[in-house]
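**Q** return atomic coordinates for the entry below.
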Amino acid sequence: MPIDSSGRGAFIRIISYNLRKHAASAELIGLDTLYGADVLCLQEADSDLLPERVGNLRLADSTRGNRLGLAVYYNADRFATVSTTAFELKKSVHDRLFSPATERLLATKLFDKEADREVLVASFHAAPLTALNSLRRHQIKTAHAELHTLAEGIPTVMVGDFNYPIFKNNLRRRIHEMGYELSLSNARTYSRYKIFRGHFDFVTSVNMGIEDVVTLPAGASDHRAILVTTSYLD
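**A** You can find the predicted model right below:
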């Protein structure tokens, strides 16, 4: 089992990527090959077009309530799936009028065969920028509460598109009050509109040490994928 210098246990490499209406799906095998991901979390994926495998990764599950939804893949050599649960979060006006996104959180509990323990990994997609930050904070708070019902104290990581370009210090404080830590990558993850350029794709975690979060090179999506390197705290 790979151990970091502090002896905190096995590294887990998680990639999160918003595919922009599935447009960047052809890049997934390359991401797995280049970066050796243990878990791949997707947003704006077409569930009907997702393959059962992406390189060495196996599909745990995907949401079915939306045409464009969430998915989680995992390295079956290292992990076994325990359960996967999709959650509905409060809808924005955009969701209600145009393309209802009923499921914005997909959580997969994995058993790490290398570390002999469970870990909870979730893919999250907040409401679009047409919604208020207050709605997104409500979604994040609800997502963390739902994860708490599944986690039972086990290490938890939630990654995804938070659609939260400004006032991040306030968000960080609120997330800390929820018992989670917020981590951003080393470079911006969204650059389609000049006014909204910045970090959109985040990591929240509890009982996990976030070693590094790296923004990966741009592809076909308007988002850039992030690579999270994390490890168990005990």
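**Q** pull out the buried positions in stretch 52-59.
**A** Within stretch 52-59, the residues scored as buried using 16 or more other C-beta atoms under 10 Å are 54-59. For glycine as for every other residue, the C-beta is placed from the backbone atoms N, C-alpha and C.
**Q** do stretch 205-216 as well
**A** Quick answer for stretch 205-216 (16+ other C-beta under 10 Å): 205-211, 213, 215-216.
**Q** re earlier: would a markdown table of the buried residues of stretch 52-59 with secondary structure be doable?
**A** A markdown table is the format used below for the buried residues of stretch 52-59 (DSSP: H, G, I helix; E, B strand; the rest coil):
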| residue | secondary structure |
| --- | --- |
| Val54 | strand |
| Gly55 | coil |
| Asn56 | coil |
| Leu57 | strand |
| Arg58 | strand |
| Leu59 | strand |
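**Q** can I get these in TSV with distance to Ser185 and pLDDT?
**A** As requested, these are arranged in TSV below (distance: C-beta to C-beta, whole Å; pLDDT from 0 to 100):
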residue	distance to Ser185	pLDDT
Val54	21	97
Gly55	22	94
Asn56	23	94
Leu57	21	98
Arg58	26	98
Leu59	25	98
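**Q** tell me the one of the residues you listed nearest His176?
**A** Leu57 (31.6 Å; C-beta to C-beta).
**Q** dump the residue contacts of the closest one.
**A** 32, 37, 39-40, 73-76 (C-beta atoms under 8 Å, 6 or more residues apart in numbering).
**Q** now flag whichever of the buried residues of stretch 205-216 is closest to Thr142.
**A** Proximity of these to Thr142 was ranked by C-beta to C-beta; the top entry is Val206 with 15.5 Å.
**Q** ok so, going back, and which of the buried residues of stretch 205-216 is nearest to Ser191?
**A** Nearest member of the buried residues of stretch 205-216 to Ser191, counting by C-beta to C-beta, is Thr215, at 10.6 Å.
**Q** could you pull up phi and psi at that closest one?
**A** Here is the backbone geometry of Thr215 (degrees, to the nearest 10): phi -80, psi 130.
**Q** isn't it right up against Leu184?
**A** No: contact between Thr215 and Leu184 fails when scored by C-beta atoms under 8 Å: they sit 9.2 Å apart.
**Q** remind me which residues of the chain are low pLDDT?
**A** The chain contains residues with pLDDT under 70 at 1-9, 93-101, 193-197.
**Q** relative to Thr130, how far out is the most centrally placed residue in it?
**A** Geometric centre of the chain, nearest residue: Val159, 2.3 Å, by C-alpha atoms, centre = their mean. Applying C-beta to C-beta, to the nearest Å, the value for Val159 to Thr130 is 23 Å.
**Q** what about the helices in the chain?
**A** Under the criterion DSSP state H, helices of the chain are mapped to 28-35, 93-97, 133-151, 168-177.
**Q** picking that back up, what distance do you get for the closest residue to the residue nearest to the centre of the chain other than its chain neighbours to Gly153?
**A** Leaving aside its chain neighbours, Val159 sits nearest to Ser16 (3.8 Å; criterion: C-beta to C-beta, 6 or more residues apart in numbering). Using C-beta to C-beta, Ser16 is found at 24 Å from Gly153.
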